[in-house]
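# below is the sequence, then the predicted model.
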Amino acid sequence: MFTDLFDLASRSLGGTVMYANDEFFAERENLINPHEPTYSAATFGNKGQVYDGWETRRRREPGHDHALVRLGASGLVHGVVIDTAYFKGNYPPEGSVEGCFLPGYPSVDELEKAEWFSLVPRSALQGDTRNFFEAAARRLVTHVRLSIYPDGGVARLRVHGEPVVDPGLLPGVFDLAAAELGGTVTDCSDRFYGSPANLLLPGLATTMGEGWETRRRRDSGNDWVEIGLAAPGLPQIVELDTSHFKGNCPGRARVTASDGRELLPPTPLRPDTRHRFRVTADKPVKAVRLDIYPDGGMARFRLYGSLKPKARATLADRWTSLQESS
């Protein structure tokens, strides 16, 4: 399911809602809030019931409403979720999503004049529902435009896809596992309390809920997560961040390359601590596995390293090819 991919529009990745033609009842910024929408009945402000979403006024003239979102990471969009949670008598009956490729930091005026292409054609929406749509294009996208017909409220917009970045902007040493650069979780043993994808998000976690946490093990095994790197690289430093995990920090952790090479042997961890360890690899690593013993939680995982010229050239070729198709 495309929802297993990162939400490229999420505030957690650096997305922002640049503009909405109307936000009378509820602010546009709520669209990309990474947390699930909430609702409290009979909670009224000066403009009516408070909604955790974007809501426009009732139209009394022809036209429709729209919002412009700059993605936190450019990429290939695989699917979109238009979530109308708690909007029941005031949801838009139809919606559409378009994308455009305009690198850099264009203004709203520049975006309005850009060449837009369809990701989700104008489609029927259901109220108080996560409306799922496969993307209709496989072109590089930097911004999306959500249109609702004619007006109403949307709780969240999720734009799930594969991050693709300009390799010319990558420094010599960077986080090979970073989600915004193309790192991704490919498998894990348990995600009961928190998604392992949180490990790869930018910035520091502000609460325990923003990390990865497994249930308590009652057997002799251990938990693990497998991570595909943005590109095959030479790791130099691994960071294991247990911030906010105090009574549920793993006792030890181990990091291995996908071909079995051990990068970090089983090493004791401390609660609520950012650990950094120097590692070495004599040839590029494509993917890694993080084992925690026996269970517990972790806020972030970083694997700082560099690329050989061949790997950087491969990224550059792909970026150029996708630019041409966009």
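Sure thing, it's come through. Numbering: from 1, shown residues only.
# now the helices: where do they sit in the stretch 51-200 of the chain?
108-112 (DSSP state H, counting those that start in this stretch).
# could you pull out the strands for it?
54-55, 65-83, 94-100, 117-124, 130-134, 140-149, 153-154, 156-163, 174-175, 184-188 (DSSP state E, counting those that start in this stretch).
# quick check: mean pLDDT of the fifth one?
What it means is strand 130-134. For strand 130-134, the mean pLDDT works out to 98.
# hey, which helix or strand in this structure has the poorest pLDDT?
One helix or strand of the chain scores below all others by mean pLDDT, DSSP states H and E: strand 48-49, with a mean of 76.
# which other helices and strands contact that one?
Using 3 or more Cβ pairs under 8 Å, 6 or more residues apart in numbering; DSSP states H and E as the contact test, no helix or strand touches strand 48-49. All C-beta spots, glycine's among them, are computed from the backbone N, C-alpha and C.
# what sits up against it?
25, 42, 43 (Cβ atoms under 8 Å, 6 or more residues apart in numbering).
# sheet partners, orientation included, of it?
Here strand 48-49 has these sheet partners by DSSP bridges: strand 44-45 (antiparallel).
# distance of residue 255 relative to residue 178?
Using Cβ to Cβ, to the nearest Å, one gets 16 Å for the distance from residue 255 to residue 178.
# from residue 95, how far off is residue 89?
Distance from residue 89 to residue 95, by Cβ to Cβ: 17 Å.
# highest neighbour count among the contacts of strand 48-49?
residue 25 (21 neighbours; other Cβ atoms under 10 Å).
# tell me who's in contact with it.
47, 48, 51, 55, 56, 57, 153.
# could you list the domains of this protein?
Listed domain ranges for the chain are 2-163, 169-309 (source: automatic domain parsing).
# so which of these is nearest residue 320?
domain 2-163 (10.7 Å; Cβ to Cβ).
# what is the end-to-end distance of that closest one?
13 Å (Cα to Cα, to the nearest Å).
# how far does that domain sit from its chain's centre?
Its chain's C-alpha centre and that of domain 2-163 lie 15 Å apart, by Cα atoms, centre = their mean, to the nearest Å.
# got it, and stretch 306-321?
That offset, for stretch 306-321, works out to 23 Å (Cα atoms, centre = their mean).
# now do the buried residues in the lengthiest helix in the chain.
The longest helix of the chain (DSSP state H) is helix 309-325. Under the neighbour-count criterion of 16 or more other Cβ atoms under 10 Å, helix 309-325 has 311, 312, 315, 319, 322 buried.
# farthest-apart pair in those residues, please.
311 and 322 (17.0 Å).
# need the contact list for residue 74.
So residue 74 contacts 8, 101, 103, 140, 141, 142, 163, 164, 165, 166 (Cβ under 8 Å, 6+ apart).
# perfect, that will be all.
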